[in-house]
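Chemist: Kindly generate the corresponding structure for this input.
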Amino acid sequence: MIVFRDPSEVPADFGPTVVAIGKFDGVHVGHRAVIERMRIDAAAVGAKTVAVTFDRNPLEILRPELCPENVVATERKLELLGELDLDATLVLTFDRALASLPAEAFVRTILVDSLHVVTVLVGRDFRFGSGGAGDPGLLRELGPQHGFTVDVVEDVHPDGARRRVSSTWVRELLAAGDVVEAARALGRPVTVAGEVVHGLKRGRELGFPTANLSETVDALVPADGVYAGWLTDHDTGIRHPAAISVGTNPTFHDVHRRQVEAHVLDASDLDLYGHRVTVEFSDHLRGMVAFDGMDALIAQIAADVAQARERLGLAG
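Modeler: The predicted model follows:
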């Protein structure tokens, strides 16, 4: 997949294209439905597939006090889009200039002049252009004069779910620690990736060494608590079963930021410092609590490890 960081980077002969526009935060099953429809539309007319997205949530500029955390960082979003066999993604820098661009100018300069669009796909609630004046109705009005059609993709509801899939819902599920339902909404496991850094080495002292992720990770971290899951070492490609802790460890008072720590099962001699790893959250085991003394903490960690082993199908 080609990544364009500005419309000026798109070659003059690139196209015709079928374009899907959106924030694509999390690249959840609703986004994937839009992209699947785009691929079908493009195949029917022999066009290229292009996702148009933004380098940040527009609310960061328009209403920063209302801007939520991103489900995934921009580079992770591009990785996920790249897995969907698109021809290209255009990442627009959302700044004051783009925010003030009239909807008609957005269509003309970006979709028509740069991408030579023949079909535009959006969700029903998509808005664009200055003041959010652009919507699917406006796109349909502008289509005939610019030679493109509009395909509005309906909301997606996972089997048995009353609520439509959205990035907002994914955030709520992660905030509740419900990584199983979040994975259903995302269409993939809940993961965060980062570099393994030196911590306080308290886990090793307790007999359960952990790989501590750096403060900067590529996705929204689930709620504080203990999880069963997996750790994949990018250096070796090996996927290890793990018991994962998220939080500040309230039994102690010297951890001042939330940490993601993964205890790899049956591999206490691993040296992962400096490695980039992905931590995958498969199941929530319990919330984060303070313990009255080290013995109680060690006993609970041992129980957590046993439960993680069971949830991962490794018992016995």
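
Chemist: Quick one: the strands in the protein, in order.
Modeler: Under the criterion DSSP state E, strands of the chain are mapped to 2-4, 17-21, 48-54, 88-92, 117-123, 149-153, 190-197, 211-213, 225-233, 239-247, 259-264, 276-286.

Chemist: pLDDT on the first one, on average?
Modeler: Looking back up the chat, that one is strand 2-4. On average, the pLDDT along strand 2-4 is 98.

Chemist: Quick check: closest non-adjacent residue to residue 116.
Modeler: In space, and not counting its chain neighbours, residue 116 is closest to residue 15: 3.1 Å by Cβ to Cβ, 6 or more residues apart in numbering. Yep, even glycine has a C-beta here, placed from its N, CA and C like the rest.

Chemist: The one you found reaches residue 47, doesn't it?
Modeler: Yes. Contact criterion Cβ atoms under 8 Å: residue 15 and residue 47 qualify, at 7.2 Å.

Chemist: any residues in contact with both of the two?
Modeler: Both residue 15 and residue 47 are in contact with residue 118, where contact means Cβ atoms under 8 Å, 6 or more residues apart in numbering.

Chemist: Can you give me the domain assignment for this structure?
Modeler: In terms of domains, the chain is parsed into 14-153, 190-311 (source: automatic domain parsing).

Chemist: which residues in the stretch 1-150 of the chain form helices?
Modeler: Here the stretch 1-150 of the chain has its helices, by DSSP state H, counting those that start in this stretch, at 29-45, 59-62, 74-82, 96-99, 103-106, 136-146.

Chemist: okay, residue 248: pLDDT?
Modeler: pLDDT, residue 248: 79.

Chemist: Tell me, how many residues neighbour it?
Modeler: 15 (other Cβ atoms under 10 Å).

Chemist: same question, residue 235
Modeler: Burial measure for residue 235: 11 neighbouring residues, criterion other Cβ under 10 Å.

Chemist: Distance-wise, check it relative to residue 223.
Modeler: To residue 223, residue 235 is 29 Å away according to Cβ to Cβ, to the nearest Å.

Chemist: Check residue 116 too.
Modeler: Applying Cβ to Cβ, the value for residue 116 to residue 223 is 45 Å.

Chemist: looking at the domains of the chain, which one has the lowest mean pLDDT?
Modeler: domain 190-311 - the lowest mean pLDDT of these, at a mean of 86.

Chemist: first vs last residue of it, how far apart are they?
Modeler: Domain 190-311 has an end-to-end distance of 16 Å (Cα to Cα, to the nearest Å).

Chemist: Could you do stretch 219-236 as well?
Modeler: Stretch 219-236 end-to-end distance (Cα to Cα) = 22 Å.

Chemist: same check, this time on stretch 269-285
Modeler: 25 Å.

Chemist: what does stretch 5-24 give?
Modeler: Using Cα to Cα, first and last residues of stretch 5-24 are 16 Å apart.

Chemist: Buried residues of that stretch, list them for me.
Modeler: 10, 14-24 (16 or more other Cβ atoms under 10 Å).

Chemist: Show me the two of those that sit farthest apart.
Modeler: 16 and 23 (24.4 Å; Cβ to Cβ).

Chemist: which ones are touching the closest residue to residue 301 other than its chain neighbours?
Modeler: Leaving aside its sequence neighbours, residue 301 sits nearest to residue 208 (Cβ to Cβ, 6+ apart; 5.2 Å). Residue 208 is in contact with 243, 263, 301-302, 305, counting by Cβ under 8 Å, 6+ apart.

Chemist: how about 10 Å then?
Modeler: Residues in contact with residue 208 (Cβ atoms under 10 Å, 6 or more residues apart in numbering) are 202, 243, 245, 261, 263-265, 268, 297-298, 301-302, 304-305.

Chemist: just residue 36 next, same as before
Modeler: Applying Cβ under 10 Å, 6+ apart, we find residue 36 in contact with 20, 29, 84, 153.

Chemist: distance between the ends of stretch 209-216?
Modeler: Start-to-end, stretch 209-216 (Cα to Cα) is 21 Å.

Chemist: Nothing else from me, thank you.
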